[in-house]
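Student: quick one, what's the 3D model for this:
(one chain, ligands or ions: 1)
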Amino acid sequence: MEKKIMLTGDRPTGRLHIGHYFGSLQNRVKMQNEVDECYILVADVQALTDNFNNPEKVRKNVREVVMDYLSVGIDPEKATIYIQSMIPEVAELTVFYSNLVTIARLERNPTVKTEIAQKKELFGESVTYGFLGYPVSQAADITAFDATIVPVGEDQSPLIEQCREIVRKFNSIYGDVLREPEVYLSETKRIKGLDGNEKMGKSLGNAIYLSDSEEEINKKVMSAVTDPSRIKKDDKGNPDICMVAYYHNLFSTKEECEKVCAECKAGTRGCVACKKQLAKNISDFLEPMREKRAYYEAHPEIVDEIIIKGTEKAREKAKEVMAKVKKAMKLDYFEK
Ligand code: TRP
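Tutor: As a prediction, the model looks like this:
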């Protein structure tokens, strides 16, 4: 039987938030128990493609992201957590794959297109070679571990599709060496921001972080966008256009949701009471994660150990795959 290998990761440009949790973290925690091998990379090289002018930010967030992983329940006994830049085979593979993809194809990639549009300030009129090519490097991340399943948020689907194309192209030229990975999406898909924006994002300032304190959560929930026509406490509200109602659906029991919505529509419960209840539910939900995180924050040496061990193990795996790739590409000079 073919091995089931999960591989996934995040760019270390900030802490992870509840959008990440519902989009993919939840799936990763579940799936680490269902696969034969599991790799989670901290994509520092990829983070540099749009933060090349801010290496300190990337470096600082490597540990933050690893602590987020550990606090949501990624188990280092099951999942190998590693740093992308410490696996040189991945950079090497990226160079080989760059022959198998055209510039036009990269420019058509919907994820890359959206991101370039968002990063006008950084890139000006012309995007860098590195940023345009990051899907190629992501294909190297995935295939360097023979990964078959990639749990990510839905915005990442075009990148997995691009990886599959590279795999097919590689295999058609050099022989059947690489495997096509499948994307694994969550049912919740994308979580909206506190401001009602379609996307919760670190750069958008509308996120609740997994590591936020109770006070931070209270403050953020109080600022969430509600039905704008509801001005006085006893005005009748419309929960369908209220972010507080939207989050109640994620964090509160079914009965609670029905009750707050009915009371909102009837104008018998004010927004402040409704927000307080939501903030408490979010806070209760995140409490076990905060507790775990506090442990790792107090024991940085344990976090280091997990990263060092994980990276060593990951490197071994990538070397094995690299040997197969080089052989297929006739680059195995002087190998017996
Ligand atoms: N592109 C992902 C992000 O922006 C991070 C990432 C890098 C990744 N390499 C990967 C995800 C490989 C899945 C598989 O967060």
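
Student: up against the ligand, what does the chain have?
Tutor: Counting by Cβ under 6 Å from any ligand atom, the chain comes close to the ligand at 7-11, 41, 43, 46, 138, 141-142, 150, 152, 156. C-betas here are computed from N, CA, C, even on glycine.

Student: now, which of those lie within strands?
Tutor: Judged by DSSP state E, the subset of the residues of the chain next to the ligand located in strands is 7-10, 41, 150.

Student: next, format the residues of the chain next to the ligand as a markdown table and append neighbour count.
Tutor: Output for those, formatted as a markdown table (neighbours: other Cβ atoms under 10 Å):
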| residue | neighbour count |
| --- | --- |
| L7 | 27 |
| T8 | 25 |
| G9 | 24 |
| D10 | 23 |
| R11 | 22 |
| L41 | 29 |
| A43 | 25 |
| Q46 | 25 |
| Q138 | 26 |
| D141 | 27 |
| I142 | 30 |
| V150 | 24 |
| V152 | 23 |
| Q156 | 19 |
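
Student: closest point of this protein to the ligand, which residue?
Tutor: A43 (3.6 Å; Cβ to the nearest ligand atom).

Student: and the pLDDT at that residue?
Tutor: With respect to pLDDT, A43 scores 98.

Student: quick check: it vs N249, distance?
Tutor: Relative to N249, A43 is positioned 31 Å away (Cβ to Cβ, to the nearest Å).

Student: now C242
Tutor: Remark: distance between C242 and N249 (Cβ to Cβ) = 11 Å.

Student: and for A91?
Tutor: For A91, the distance to N249 equals 43 Å [Cβ to Cβ].

Student: all helices of the stretch 1-150 of the chain, in order?
Tutor: For the stretch 1-150 of the chain, the helices defined by DSSP state H, counting those that start in this stretch occupy 18-20, 26-31, 44-49, 55-72, 88-97, 103-108, 110-118, 120-123, 129-132, 134-143.

Student: same check, this time on the stretch 151-300 of the chain
Tutor: Counting by DSSP H, counting those that start in this stretch, the helices of the stretch 151-300 of the chain are 157-174, 214-222, 243-251, 254-266, 271-298, 300-328.

Student: highest mean neighbour count out of the ones you listed?
Tutor: With neighbours defined as mean count of other Cβ atoms under 10 Å, the helices of the stretch 151-300 of the chain peak in mean count at helix 243-251, which reaches a mean of 20.

Student: now do that helix against helix 271-298, angle only.
Tutor: 50 degrees (axes from the mean of the first three to the mean of the last three Cα atoms, to 10 degrees).

Student: what's helix 243-251 in contact with?
Tutor: Contact with helix 243-251 is made by 18, 22, 188, 191-196, 221, 224-226, 239, 256-257, 260-261, 264, 271, 274-275, 277-278, 281-282, 285, as judged by Cβ atoms under 8 Å, 6 or more residues apart in numbering.

Student: and that helix, how far out from the chain middle?
Tutor: With Cα atoms, centre = their mean, to the nearest Å as the basis, helix 243-251 stands 22 Å off its chain's centre.

Student: okay then, goodbye and thanks.
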